[in-house]
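J.: Structure, please.
(chains A and B)
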Amino acid sequence: KQEVTQIPAALSVPEGENLVLNCSFTDSAIYNLQWFRQDPGKGLTSLLLIQSSQREQTSGRLNASLDKSSGRSTLYIAASQPGDSATYLCAVRERDDYKLSFGAGTTVTVRA
Amino acid sequence: NAGVMQNPRHLVRRRGQEARLRCSPMKGHSHVYWYRQLPEEGLKFMVYLQKENIIDESGMPKERFSAEFPKEGPSILRIQQVVRGDSAAYFCASSPLIQGRSTDTQYFGPGTRLTVL
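T.: Numbers count the residues shown, from 1 in each chain, chains lettered A, B, ... in the order given. Predicted coordinates for the structure are as follows:
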């Protein structure tokens, strides 16, 4: 059974600092890994999706890396802003499956 | 192009009542997934449906919970005789059908927050 863990559970940084969010998964036979953003009381917004054959994906200030063999992914957010305050969720999709397995999330607070 | 729609956004029920949650997938999407997010936990898969078919309900409790996705209309997640432990956010996601297989991306709705008093 796939277990997805996100560390730390919460993070508070001053504006302008770079953010590093970690995600680990137990079964490396994944199809892809996805990072989502969740705002309080809102739904999920997909940020980046990395296929199992890829090492990283970039979108603006966001960069996500994937090391499938070690079961790890890292989301980097450069030059953080207060608007980046949210909960970030990591989810993996296993091969021959369709459902996503989610971590519990990292709640980020960027202080102005 | 409207996204995935869920209603109601907030639902309050007393113990023993029924809760009915609706999900309208994105236009052209024929696959629907339901996930539940308990407080302080990640989203957990509940059920996967295509039109008029339940494909996988392995994540759904065996009692009191049921789901459907009729030929016409939204997908419905029904919880009978709710208990306090059912209080959670319920998210619906949809994906299109391409070449007979579900695509990589699931598009999520805003969720329904169920509170059981």
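J.: And the strands in chain B, which stretches?
T.: Taking DSSP state E as the criterion, chain B carries its strands at B:5-7, B:10-13, B:19-24, B:29-37, B:43-50, B:53-56, B:65-68, B:75-79, B:88-98, B:101-102, B:107-108, B:112-116.
J.: quick one: which of the ones you listed is nearest A:Asn63?
T.: strand B:107-108 (22.5 Å; Cβ to Cβ). In short, each C-beta sits where N, CA and C put it, glycine included.
J.: what lines up beside the closest one in the sheet?
T.: In the sheet, strand B:107-108 lines up against strand B:88-98 (antiparallel) (DSSP bridges).
J.: Report the buried residues of the partner strand.
T.: Within strand B:88-98, the residues scored as buried using 16 or more other Cβ atoms under 10 Å in any protein chain shown are B:Ala88, B:Ala89, B:Tyr90, B:Phe91, B:Cys92, B:Ala93, B:Ser94, B:Ser95.
J.: The fourth one contacts B:Trp34, doesn't it?
T.: Yes. Using Cβ atoms under 8 Å, B:Phe91 is in contact with B:Trp34, at 7.3 Å.
J.: could I get the buried residues of strand B:88-98 as a markdown table with pLDDT?
T.: Below are those laid out as a markdown table (pLDDT from 0 to 100):
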| residue | pLDDT |
| --- | --- |
| B:Ala88 | 96 |
| B:Ala89 | 96 |
| B:Tyr90 | 97 |
| B:Phe91 | 97 |
| B:Cys92 | 96 |
| B:Ala93 | 94 |
| B:Ser94 | 92 |
| B:Ser95 | 87 |
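J.: chain center to stretch B:110-117: distance?
T.: Relative to its chain's centre, stretch B:110-117 lies at 12 Å (Cα atoms, centre = their mean, to the nearest Å).
J.: Looking at the buried residues of strand B:88-98, which is nearest A:Gln34?
T.: Nearest to A:Gln34 among the buried residues of strand B:88-98: B:Ala93, at 11.3 Å, using Cβ to Cβ.
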